[in-house]
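K.L.:
sequence plus the predicted model coming up.
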Amino acid sequence: QVHLRESGGGSVQAGGSLYLTCAASGSTSERFCMAWFRQAPGKEREAVANIDNVGSVLYADSVKGRFALSRDNAKIFLRMNRLRSEDSGIYYCAAGPGFCTVFEMYNYWGQGTQVTVSS
């Protein structure tokens, strides 16, 4: 069993920055893909960025150049710069074995943390 604990988030004005952290606990979590997803009201959950166990990162086009995802074993860090109102939503940390780009393989999820960007 893997447990994910998120921290960070909050409210910021457009153009500002926020920092999210997710810590995974569990015997094999350091080998898992880990990722951030987000969900805005009335919209489907979407991928933000993922990172595999050797540090390769993929970003959604909407956040490239603004967000930076890094990893230290079973903990990941998301630095969000130049935030926009459309970045608002609940941000979820996820983890799982297999291919990082396959949504269905993320079988562990955090509770989510709210990010609100005001324009």
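P.N.:
Alright, I've got the coordinates.

K.L.:
quick one: secondary structure of the residue most central in space within the chain?
P.N.:
What sits nearest the mean C-alpha location of the chain, by Cα atoms, centre = their mean, is Trp36, with 1.9 Å. Using DSSP: H, G, I helix; E, B strand; the rest coil, the structure places Trp36 in strand.

K.L.:
help me confirm that it comes into contact with Cys22.
P.N.:
Yes - assessed by Cβ atoms under 8 Å, Trp36 is found in contact with Cys22 at 7.4 Å. Every C-beta, even on glycine, is put in place using the N, C-alpha and C of the backbone.

K.L.:
got any residues that touch both of these two?
P.N.:
Counting by Cβ atoms under 8 Å, 6 or more residues apart in numbering, the residues touching both Trp36 and Cys22 are Ile76, Leu78, Cys93.

K.L.:
list just the nearest of the residues you listed to Val115.
P.N.:
Val115 lies nearest to Leu78 out of the shared contacts of Trp36 and Cys22, by Cβ to Cβ, at 9.9 Å.
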